[in-house]
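J.: A structural model of the following input is requested.
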Amino acid sequence: MPDVLIFADTVRSPELRHEVPLAIPDPLVYVERDGARHVFVTSFEIPRLKGFGGLELAPLEELGLDELLAQGLRWHQLERELALRACQRLGVEQAVTPPAFPLDVADHLREHGVRLTPDAELFEQRRRAKNAAELAGVRRAQRAAERAMDAIRRGLREDDDVTCEDLRLAATRALVDSGATAPDLVVVSHGPQTAIGHEPGFGPVEPGEPVVVDLFPQDPGSGCFADMTRTFCVGAAPGELAAYHRLCREALDRVYEAVRPGVTGAHLHRIACDVFEAAGFPTQLSKQPGQVLESGFYHSLGHGVGLQVHEPPYLGRGGQELVPGDVLAVEPGCYRKGFGGCRLEDLVLVTENGCEVLTEYPYDLTP
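T.: Numbering: from 1, shown residues only. Predicted structure coming up:
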């Protein structure tokens with residue numbers, strides 16, 4: 001096993017949050033060498049970290065922090081020198097890093113003889129199977145998303161002049177009240193807007209048009225996300241929208257029958273595309289090379305969810321094999337430019353023999 005080096009904070013680095021399961025906003029040095037897991041961190045974070053076993057903790061003072069500050073080094077100079085001293089102290093001569101390892105720190109280490117190799121695959125594989133704490137966080141975030149979806153349904157039922165902005169505010173409040181962190185983007189779009197990717201939505205909702213709600217809150221304790229989408233219609237749904245909704249439900253049902261370890265995301269995407277193609281709609285698999293779709297099932301089937309909203313495994317044309325412990329967002333959709341569309345999205349846990357749907361929410365078009 002090669003030495004591992006991460007220099008980051010745990011708020012922005014999913015690779016580091018997986019290893020150090022606390023929200024720490026300042027950069028720290030994480031090193032794996034000879035089976036030991038070393039963390040060099042500001043001294044006031046150490047009491048919080050002592051509750052987690054398996055980490056060998058050391059304050060930055062042991063790397064000469066006071067001496068470096070006395071020399072007048074600026075913080076970016078301090079960071080790279082502390083990373084170098086950690087490597088020198090532990091005898092690290094070469095290491096693998098996440099792809100987002102800071103360039104200036106990497107340059108400094110390489111100038112002093114430490115060979116670094118970014119290895120996206122290694123760090124992705126580490127995080128694929130969710131541990132117990134991460135899975136509990138995903139479930140908490142999902143429950144918060146469902147309560148926010150309830151708030152939106154109430155707004156659609158009870159307010160004849162409701163706007164996307166009103167509904168988004170109601171969802172955000174419900175997420176915060178549930179203890180989740182509301183994302184910068186809460187999608188509540190209506191009418192033709194619903195056929196435009198992650199369009200956040202704006203303006204008053206009219207009867208008879210689609211309303212797509214896509215929520216992906218974060219659980220602050222674990223750092224893990226959930227992701228869910230539902231489509232609603234106030235009043236009688238047009239036949240076209242109802243047809244899209246039936247196809248999305250059928251795609252979900254067929255995909256869930258096939259989810260198990262060893263199946264590829266590409267195969268699941270193929271199953272979903274078959275549903276829409278049989279009904280005469282274009283997909284990523286039926287379109288011509290270079291063609292940009294604006295209607296039909298124009299996106300992939302989904303993605304992994306965990307310490308990032310979008311992470312491996314991907315359920316698309318290049319999707320890899322599933323492993324037990326993967327959490328998937330499965331989101332078939334069908335759209336027509338100028339009219340709008342429908343998307344349904346659930347969270348799914350890959351188990352040893354199949355899957356468990358983590359989303360506990362109805363699919364009804366009627367709010």
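J.: From residue 279, how far off is the residue nearest to the spatial centre of the chain?
T.: Centroid-nearest residue in the chain, with CA atoms, centre = their mean: residue 309, separated by 1.3 Å. From residue 309 across to residue 279, the span is 29 Å (CB to CB, to the nearest Å). (Each C-beta comes from the backbone N, C-alpha and C, glycine too.)
J.: Ok, residue 126 next?
T.: Residue 126 sits 40 Å away from residue 279, going by CB to CB.
J.: So residue 95 lies in a strand, does it not?
T.: Yes: under DSSP: H, G, I helix; E, B strand; the rest coil, residue 95 sits within a strand.
J.: list the contacts for it?
T.: Contacts for residue 95 (CB atoms under 8 Å, 6 or more residues apart in numbering) come out as 2, 3, 4, 5, 31, 87, 114, 115, 116, 117.
J.: low-confidence ranges in this structure?
T.: In the prediction, the chain carries no residues with pLDDT under 70.
J.: longest helix in it, by residue count?
T.: The residue-count maximum for a helix in the chain (DSSP state H) belongs to helix 132-158.
J.: what's the following helix or strand after that one?
T.: helix 164-177 (DSSP states H and E).
J.: quick one: contacts of that following helix?
T.: Applying CB under 8 Å, 6+ apart, the contact partners of helix 164-177 are 144-145, 147-152, 154-156, 159, 181-182, 186, 188-190, 200-205, 213, 215, 217.
J.: PyMOL command to pick out the buried ones of these?
T.: To isolate the buried members of those in PyMOL, using 16 or more other CB atoms under 10 Å:
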select buried, resi 144+145+147+148+149+151+152+155+156+182+186+188+189+190+200+201+205+213+215+217
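J.: So residue 117 sits against residue 97, correct?
T.: Yes: using CB atoms under 8 Å, residue 117 is in contact with residue 97, at 7.1 Å.
J.: If you count surrounding residues, which of these two has more?
T.: Taking other CB atoms under 10 Å, residue 117 and residue 97 do not tie; residue 97 has more neighbours (24 against 12).
J.: beta partners for the more buried one?
T.: Under the criterion DSSP bridges, residue 97 forms beta bridges with residue 118.
J.: how about CSV for the contacts of residue 95, with distance to residue 25 and secondary structure added?
T.: Formatted as CSV, those follow (distance: CB to CB, whole Å; DSSP: H, G, I helix; E, B strand; the rest coil):
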residue, distance to residue 25, secondary structure
2, 28, coil
3, 26, coil
4, 22, strand
5, 20, strand
31, 20, strand
87, 23, helix
114, 26, coil
115, 30, strand
116, 24, strand
117, 28, strand
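J.: So which of these wins on neighbours?
T.: That'd be residue 5 among the contacts of residue 95, by other CB under 10 Å, with 28 neighbours.
J.: give the contact list for it.
T.: In this structure, residue 5 makes contact with 29, 30, 31, 83, 87, 92, 95, 96, 97, 101, 116, judged by CB under 8 Å, 6+ apart.
J.: how is this protein carved up into domains?
T.: Here the domain parsing of the chain from automatic domain parsing is 4-127, 132-357.
J.: Out of those, which gets nearest to residue 365?
T.: domain 132-357 (5.1 Å; CB to CB).
J.: Is it correct that residue 325 is in contact with residue 128?
T.: Yes: at 6.6 Å, residue 325 counts as touching residue 128 under the criterion of CB under 8 Å.
J.: Please give me every residue in contact with residue 273.
T.: Neighbouring residues of residue 273 by CB under 8 Å, 6+ apart: 283, 284, 285, 286, 297.
J.: separation between the second one and residue 4?
T.: Separation of residue 284 from residue 4 (CB to CB): 36 Å.
J.: quick revisit: list the contacts of the residue nearest to the centre of the chain.
T.: 183, 216, 225, 227.
J.: Let's see that with 7 Å instead.
T.: 216, 225, 227 (CB atoms under 7 Å, 6 or more residues apart in numbering).
J.: ditto for residue 319
T.: Neighbour list for residue 319: 264, 265, 266, 268, 269, 313 [criterion: CB under 7 Å, 6+ apart].
J.: what about 10 Å?
T.: 263-270, 300-304, 312-313 (CB atoms under 10 Å, 6 or more residues apart in numbering).
J.: Residue 115 too?
T.: Residues near residue 115 by CB under 10 Å, 6+ apart: 92, 93, 94, 95, 109.
J.: Let's verify the last one: helix, strand, or coil?
T.: For residue 109, the secondary structure call by three-state DSSP comes out as helix.
J.: Of all the domains of the chain, which one is nearest residue 367?
T.: domain 132-357 (3.9 Å).
J.: how far does the closest one sit from the chain's center?
T.: Offset of domain 132-357 from its chain centre (CA atoms, centre = their mean, to the nearest Å): 13 Å.
J.: Span of that domain from start to end?
T.: Criterion CA to CA, to the nearest Å; first-to-last residue distance in domain 132-357 is 17 Å.
J.: Stretch 98-109 now?
T.: End-to-end distance for stretch 98-109: 15 Å, by CA to CA.
J.: Run the chain-centre distance for it.
T.: 24 Å.
J.: Could you do stretch 97-107 as well?
T.: Worked out by CA atoms, centre = their mean, stretch 97-107 lies 22 Å from the chain centre.
J.: Now do that stretch: distance from first to last residue.
T.: 13 Å.
J.: quick one: contacts of it?
T.: 3-8, 12-16, 27, 29, 76-77, 79-84, 95, 108-109, 114, 116-124, 126.
J.: Any of those buried? List them.
T.: The neighbour count (16+ other CB under 10 Å) marks 3-8, 13-16, 27, 29, 79-84, 95, 108-109, 114, 116, 119, 122-124 as buried among those.
J.: Using a markdown table, please lay out the contacts of residue 115 together with distance to residue 349.
T.: Output for the contacts of residue 115, formatted as a markdown table (distance: CB to CB, whole Å):
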| residue | distance to residue 349 |
| --- | --- |
| 92 | 36 |
| 93 | 40 |
| 94 | 37 |
| 95 | 33 |
| 109 | 38 |
